[in-house]
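Enquirer: take a look and give me a structure for this.
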Amino acid sequence: MGFLSKDDKTGEYVSVISEQCQFQGTLDLQGSLRIDGALEGNVDNAKYVTISKSGTVKGDITAQGVVVIGKMTGDIVADSVEILADAKITGNIRSKSILIEGGAKVSATIQVVGEEEASLDEEEIAADEPQNKPAKTEKIEKQEKHEKKDNKKGDK
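Expert: Numbering: from 1, shown residues only. Below you'll find the model as predicted:
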């Protein structure tokens with residue numbers, strides 16, 4: 001499959017799916033992941049995920065940071081996302097910070113959220129939005145009353 005290596009600079013362990021490797025399944029890891037090969041499945045709880053130029057992912061990624069240079073089909077939820085020039089992405093992206101380099105091919109719904117919004121789910125966000133329907137109904141009712149009064153005056 002791949003191997004586990006230690007980054008000399010940070011002392012952090014990085015899992016690698018090597019270039020000639022194909023992996024299917026869900027990876028739930030606390031460290032970082034570099035994908036040089038092919039992954040069909042999800043990556044959950046990762047620190048940093050890098051999809052290299054030769055890497056391909058068909059699945060969803062949840063991580064602190066994601067860098068895409070290769071191909072990605074799926075959703076990304078991360079604090080920061082960098083999409084570099086050679087990247088090709090299809091899916092949805094939800095992040096606090098996003099950088100898209102010129103030349104990248106992105107076909108995605110992108111949602112940049114603030115610090116407080118990042119922890120809210122969609123139902124909570126929808127519940128906080130003001131509901132304008134009653135105000136519109138009152139306005140229409142007032143207009144109809146005025147029109148009726150005008151019509152009665154015109155009949156006399």
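
Enquirer: return the helix or strand in this structure with minimum mean pLDDT.
Expert: helix 122-128 (a mean of 42; mean pLDDT, DSSP states H and E).

Enquirer: now do the helices in the protein.
Expert: 122-128, 133-155 (DSSP state H).

Enquirer: how near is residue 51 to residue 70?
Expert: 4 Å (Cβ to Cβ, to the nearest Å). Using the backbone N, CA and C atoms, a C-beta is placed for each residue, glycine as well.

Enquirer: so the two - more neighbours on which side?
Expert: residue 51 (27 against 22; other Cβ atoms under 10 Å).

Enquirer: show me the contacts for the more buried one.
Expert: 35, 57, 66, 67, 68, 69, 70, 71, 72, 87 (Cβ atoms under 8 Å, 6 or more residues apart in numbering).

Enquirer: tell me the buried residues in stretch 93-101?
Expert: For stretch 93-101, the neighbour count (16 or more other Cβ atoms under 10 Å) marks 93, 94, 95, 98, 100 as buried.

Enquirer: tell me which of these is nearest to residue 83?
Expert: residue 100 (4.7 Å; Cβ to Cβ).

Enquirer: which stretches of the chain have low pLDDT?
Expert: Across the chain, the ranges flagged by pLDDT under 70 are 1-11, 115-156.

Enquirer: if we use 80, what do you get?
Expert: 1-13, 115-156 (pLDDT under 80).

Enquirer: counting by contacts, list what the longest strand anywhere in the chain packs against.
Expert: In the chain, with assignment by DSSP state E, the single longest strand is strand 88-100. Under the contact definition 3 or more Cβ pairs under 8 Å, 6 or more residues apart in numbering; DSSP states H and E, strand 88-100 sits against strand 71-73, strand 76-83, strand 105-112.

Enquirer: quick one on the thing from earlier: now for residue 51 and residue 70: what residues contact both?
Expert: 35, 57, 87.

Enquirer: now the residues you listed as JSON lines including neighbour count and distance to residue 76?
Expert: Shown next, in JSON lines, are those (neighbours: other Cβ atoms under 10 Å; distance: Cβ to Cβ, whole Å):
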{"residue": "35", "neighbour count": "29", "distance to residue 76": "13"}
{"residue": "57", "neighbour count": "28", "distance to residue 76": "9"}
{"residue": "87", "neighbour count": "21", "distance to residue 76": "11"}
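
Enquirer: which one among those residues gets closest to residue 113?
Expert: The closest of those to residue 113 turns out to be residue 87 (Cβ to Cβ; 21.2 Å).
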